[in-house]
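Peer 1: Structure of the sequence below:
(one chain, ligands or ions: 1)
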Amino acid sequence: MRFTKMQGAGNDYVYVDCFSETAPSDPAELARRVSDRHFGVGADGLVLIGPSDKADAEMRMFNADGSASQMCGNAVRCVAKYLYDHGRCTKETLTVESFGETYPLDLVVEGGKVTRVRVDMGEPILDPAKVPTRLKANQEGAVCDADLTIGDRLLKVTAVSMGNPHCVEFVPELPEPGAPHDLVVNYGPHLENHEMFPERVNAEFVELISPTRVRQRTWERGSGETLACGTGASAVCVAGVLSGRTERKITVELLGGELELEWNESDNRVYKTGPAVEVFTGEWPE
Ligand SMILES: N[C@H](CCC[C@H](N)C(=O)O)C(=O)O
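Peer 2: Just a heads-up that it's a prediction; the model follows:
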């Protein structure tokens with residue numbers, strides 16, 4: 001089975017073109033195997049690209065543990081790049097379907113190849129029942145800076161869905177990866193599996209640099225810490241505005257690169273712009 005390895009701000013996946021390849025019968029097991037960074041290709045998960053009856057293509061995304069997700073903000077940019085660069089689409093505006101939702105994308109083409117993509121990520125979902133979370137909403141109907149305890153630590157978290165669930169915590173200072181008592185690796189797994197999130201959750205830890213710039217590290221549901229999380233950065237943008245910490249247009253610094261976010265006031269939609277890179281192609285022996 002041929003695959004393409006791609007990354008968006010360092011969030012890397014194995015992509016399979018199911019327009020030409022037979023779709024795997026057990027994508028969850030394949031995701032677990034190809035994601036292994038020693039015995040497989042090495043990735044944060046698997047993405048299947050295939051036909052859609054309402055968009056230019058459909059994306060099905062699986063985390064490294066084999067769990068399926070509703071959406072992946074970095075992967076959808078790479079899917080658009082793949083479709084254009086490999087001649088499946090010639091337009092510079094595309095649509096990709098994921099979990100029944102359609103995402104419009106604008107391509108930046110340089111030298112005949114896509115380098116960056118602007119994604120309409122849709123409207124944030126703030127209703128706790130739809131995130132989903134058991135945390136209680138404030139008077140505006142959102143879970144914003146709500147109390148959440150892990151052991152003897154009281155966190156203030158904001159819960160946002162971008163099709164997939166996110167829990168955003170603003171912290172005074174983000175430690176570098178590997179620092180002693182690194183809160184991301186210490187608290188990420190507990191947040192991911194916290195009882196307040198019945199479908200688990202992606203956990204974002206955010207340091208405010210200015211009202212228009214933040215630093216983000218993410219412990220992802222089903223993949224652990226990744227170098228970037230696109231739906232997470234979208235949720236961070238929304239959480240920053242809801243909590244009065246940031247403006248509606250921000251730059252998010254992630255371990256693997258920067259993403260530009262805007263939660264547009266007039267249409268209530270989140271727009272995310274970032275890179276998309278093809279790393280290599282290969283053959284998986286099955
Ligand atoms: N781990 C996520 C899916 C991948 C999201 C992330 N890689 C992104 O770029 O949005 C989840 O289970 O909801």
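
Peer 1: Name the residues of this structure found near the ligand, please.
Peer 2: By C-beta under 6 Å from any ligand atom, the residues of the chain that approach the ligand are 11, 63, 69, 72-74, 164, 202, 220-223, 226, 229-232. C-beta here means a position set from N, CA and C on the backbone, and glycine is covered the same way.

Peer 1: which residues are contacting stretch 59-71?
Peer 2: Contact with stretch 59-71 is made by 13, 27-32, 35-36, 43-50, 72, 75-76, 79, 96-99, 101, 103, 121, 162-164, 200, 220-224, 231, as judged by C-beta atoms under 8 Å, 6 or more residues apart in numbering.

Peer 1: Show me those that map onto helices.
Peer 2: Among those, the ones falling in helices (DSSP state H) are 27-32, 35, 75-76, 79, 231.

Peer 1: Which single one of these is nearest to the ligand?
Peer 2: In terms of C-beta to the nearest ligand atom, no member of these lies closer to the ligand than residue 231, at 3.3 Å.

Peer 1: Hmm, that closest one is touching residue 160, no?
Peer 2: No - using C-beta atoms under 8 Å as the test, residue 231 is too far from residue 160 to be in contact (9.2 Å).

Peer 1: what is in contact with the two at once?
Peer 2: Counting by C-beta under 8 Å, 6+ apart, the residues touching both residue 231 and residue 160 are residue 166.

Peer 1: still on that earlier bit, reformat the ones in helices among the contacts of stretch 59-71 as CSV; add pLDDT.
Peer 2: Below are those laid out as CSV (pLDDT from 0 to 100):
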residue, pLDDT
27, 98
28, 98
29, 98
30, 98
31, 98
32, 98
35, 98
75, 98
76, 98
79, 98
231, 98
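
Peer 1: Of these, grab the buried ones for ChimeraX.
Peer 2: Under the burial definition 16 or more other C-beta atoms under 10 Å, those of those that qualify are selected in ChimeraX by:
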select :27,30,31,32,35,75,76,79,231
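
Peer 1: Identify, from the ones in helices among the contacts of stretch 59-71, the entry nearest to residue 281.
Peer 2: Nearest to residue 281 among these is residue 79, at 15.1 Å by C-beta to C-beta.

Peer 1: wait, doesn't the closest one sit right on residue 15?
Peer 2: Yes - using C-beta under 8 Å, residue 79 is in contact with residue 15, at 7.2 Å.

Peer 1: residues shared between the contacts of the two?
Peer 2: 47, 49.

Peer 1: which stretch of helix or strand covers residue 241?
Peer 2: For residue 241, the host element (DSSP states H and E) is helix 230-242.

Peer 1: For the helix or strand following that helix, buried residues please.
Peer 2: For helix 230-242, the succeeding helix or strand toward the C-terminus, using DSSP H and E, is strand 249-254. In terms of neighbour count (16+ other C-beta under 10 Å), strand 249-254 has its buried residues at 250-254.

Peer 1: low pLDDT regions in the chain?
Peer 2: Residues of the chain meeting the criterion pLDDT under 70: none.

Peer 1: Would you mind splitting it into its domains for me?
Peer 2: 2-119+274-283, 143-268 (automatic domain parsing).

Peer 1: what's the spacing between the closest residue to residue 48 other than its chain neighbours and the ligand?
Peer 2: Nearest residue to residue 48 in three dimensions, chain neighbours excluded: residue 60, at 4.3 Å (C-beta to C-beta, 6 or more residues apart in numbering). As judged by C-beta to the nearest ligand atom, to the nearest Å, residue 60 and the ligand stand 12 Å apart.
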